[in-house]
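**Student:** what follows is a predicted structure for the sequence shown.
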Amino acid sequence: MKFTSLFEMQHKLDTKIETQHQLENESLIERKILALLVEVGELANETRCFKFWSLKPPAPIDVILEEYVDGIHFILSLGLEINVDPSLELEEIHAERSATEQFLNVYQTITAFKDKQTLQLYKKMFEGYLHLGHLLGFSMEQIVHAYVSKNEVNHERQKQGY
């Protein structure tokens with residue numbers, strides 16, 4: 001599976017943000033990794049998959065999908081930081097895990113990537129996150145559509161001084 005067009009869209013957004021905030025000469029990789037970890041936590045919170053003590057249901061699926069694609073934005077942005085080829089091929093993972101287990105796996109792969117920013121660890125992180133999306137019930141078409149929509153929102157937010 002390829003994400004060439006999404007990498008291109010993310011590059012345009014990153015360039016706009018970095019220019020607007022005069023960050024062109026700064027390394028943002030650690031901040032982007034922390035942002036991704038925060039987004040994964042926000043996603044887990046909306047799914048409520050780990051909240052065994054609560055009877056409250058998960059957020060509506062559209063809210064969960066929007067939180068999910070926030071993570072896609074940062075994963076793509078991290079790929080751009082390490083100069084990943086936008087035509088990078090990703091494999092589908094078919095691991096038998098619960099959503100809770102996959103959230104933990106995603107945290108582990110992000111932390112491994114933080115410690116050693118290799119293409120191999122980047123792919124593992126991205127593939128694990130895509131598998132999480134699959135476990136949450138999202139198709140690739142839904143993910144791409146939601147990413148494109150949220151990317152437009154993010155461009156608008158930059159125009160409005162978000």
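**Tutor:** Structure's in. What do you need? Numbering: from 1, shown residues only.
**Student:** wait, what's in contact with residue 98?
**Tutor:** By C-beta atoms under 8 Å, 6 or more residues apart in numbering, residue 98 lies in contact with 49, 135. (Glycine included, C-beta is placed from N, CA and C.)
**Student:** backbone dihedrals for it, please?
**Tutor:** Main-chain torsions, residue 98, degrees, to the nearest 10: phi -80, psi 170.
**Student:** for it, give its distance to residue 142.
**Tutor:** Distance, residue 98 to residue 142, by C-beta to C-beta, to the nearest Å: 21 Å.
**Student:** could you report the neighbour count for residue 50?
**Tutor:** For residue 50, the neighbour count with other C-beta atoms under 10 Å is 14.
**Student:** now it: closest residue in space, sequence neighbours ignored.
**Tutor:** residue 100 (5.0 Å; C-beta to C-beta, 6 or more residues apart in numbering).
**Student:** spell out which helix or strand contains that neighbour, please.
**Tutor:** Secondary structure assigned from DSSP states H and E places residue 100 in helix 99-115.
**Student:** starting at the chain centroid, how far to that helix?
**Tutor:** Its chain's C-alpha centre and that of helix 99-115 lie 12 Å apart, by C-alpha atoms, centre = their mean, to the nearest Å.
**Student:** same question, stretch 87-101
**Tutor:** 13 Å.
**Student:** give the buried residues for it.
**Tutor:** 88, 93, 99 (16 or more other C-beta atoms under 10 Å).
**Student:** among those, show me the least confident.
**Tutor:** On pLDDT alone, residue 93 ranks lowest of the buried residues of stretch 87-101, at 86.
**Student:** give me the three-state assignment for that residue.
**Tutor:** The local conformation at residue 93, judged by DSSP: H, G, I helix; E, B strand; the rest coil, is coil.
**Student:** so residue 56 makes contact with residue 45?
**Tutor:** No: contact criterion C-beta atoms under 8 Å: residue 56 and residue 45 do not qualify, at 11.2 Å.
**Student:** what packs against the helix or strand bottoming out on mean pLDDT in the chain?
**Tutor:** Ranking every helix and strand in the chain by mean pLDDT, DSSP states H and E puts helix 140-159 at the bottom, with a mean of 89. Counting contacts by 3 or more C-beta pairs under 8 Å, 6 or more residues apart in numbering; DSSP states H and E, helix 140-159 packs against helix 4-20, helix 61-81.
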